[in-house]
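In: Sharing a sequence plus its predicted fold:
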Protein chains: 2
Amino acid sequence: MVHEQVLDRTFSALSDVTRRGILTRLGEGPATVGELAGPAGMTLTGMKKHIAVLEEAGLVVTEKVGRSRQCRLGTERLDDVMAWISFYQRLWERRLDGLDAYFTLQKGREK
Amino acid sequence: MVHEQVLDRTFSALSDVTRRGILTRLGEGPATVGELAGPAGMTLTGMKKHIAVLEEAGLVVTEKVGRSRQCRLGTERLDDVMAWISFYQRLWERRLDGLDAYFTLQKGREK
């Protein structure tokens, strides 16, 4: 999968409070779809849709165990997302440095 | 705005390669909507929609200058997003530590 598509899917998967909650819950250990749906006040069908989005992004893996589906954290460590955000923050700070330099220059001229 | 809504909007704004490209471009300095649309091979209308999403997330600010609309990076530094991802990575690593401990225990038993 192309790098930009990975970023698209991952950012999109993280853009929902319920899905971030599922990841936080699975950080404590595996859970079935039913165990995730209950506390979130959701139907099984609604929960399955959220899990499918997380699964496509590699953030969750699921496995059929008896009559239920077990979910656990996937292999996606969010390194690409972290790298993109760090890159953006450097851009953002450089822009501020540029503005600082501009205002210092203007101040000098006004004297 | 509630913290979780900020995260929803920011992650959602970042989930599109064109919008990430706009931010990268604006990191080099301000640009009009037309200057952003051209190189991206987009119509003005299409570009305006992307910019509206970025503006709602605080990632871009726009200002009417003469007959065109000037865009520049907003005040959103992505600190909340960065904090969430760091939190997730800690969860993820703790889970791995747990698995490590489990396998070491199993190995010990097999001996």
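Out: Arrived safely.

In: going forward, measure contacts and count neighbours with C-alpha atoms only.
Out: Will do.

In: show me what contacts the closest residue to residue A:91 other than its chain neighbours?
Out: Excluding the flanking residues, the one nearest residue A:91 by CA to CA, 6 or more residues apart in numbering or on different chains is residue B:27, at 5.3 Å. By CA atoms under 8 Å, 6 or more residues apart in numbering or on different chains, the contact set of residue B:27 is A:88, A:91, A:92, A:94, A:95, B:72, B:73.

In: What score does the spatially most central residue of chain A have for pLDDT?
Out: Centroid-nearest residue in chain A, with CA atoms, centre = their mean: residue A:14, separated by 3.4 Å. pLDDT, residue A:14: 97.

In: correct me, but it touches residue A:23?
Out: No. Residue A:14 lies out of contact with residue A:23 (CA atoms under 8 Å); the separation is 9.3 Å.

In: what about residue A:89, distance to residue A:77?
Out: Distance, residue A:89 to residue A:77, by CA to CA, to the nearest Å: 20 Å.

In: ok, now residue A:40?
Out: Taken as CA to CA, the span from residue A:40 to residue A:77 is 24 Å.

In: Looking only at neighbour counts, state which of these two leads.
Out: Per other CA atoms under 10 Å in any protein chain shown, whichever of residue A:40 and residue A:77 has more neighbours is residue A:77, with 17 against 13.

In: so where does the residue nearest to the more buried one when sequence neighbours are not counted fall, helix or strand?
Out: The shortest distance from residue A:77 to any non-neighbouring residue, by CA to CA, 6+ apart, is to residue B:89 (6.4 Å). Assessed by DSSP states H and E, residue B:89 sits inside helix B:79-110.
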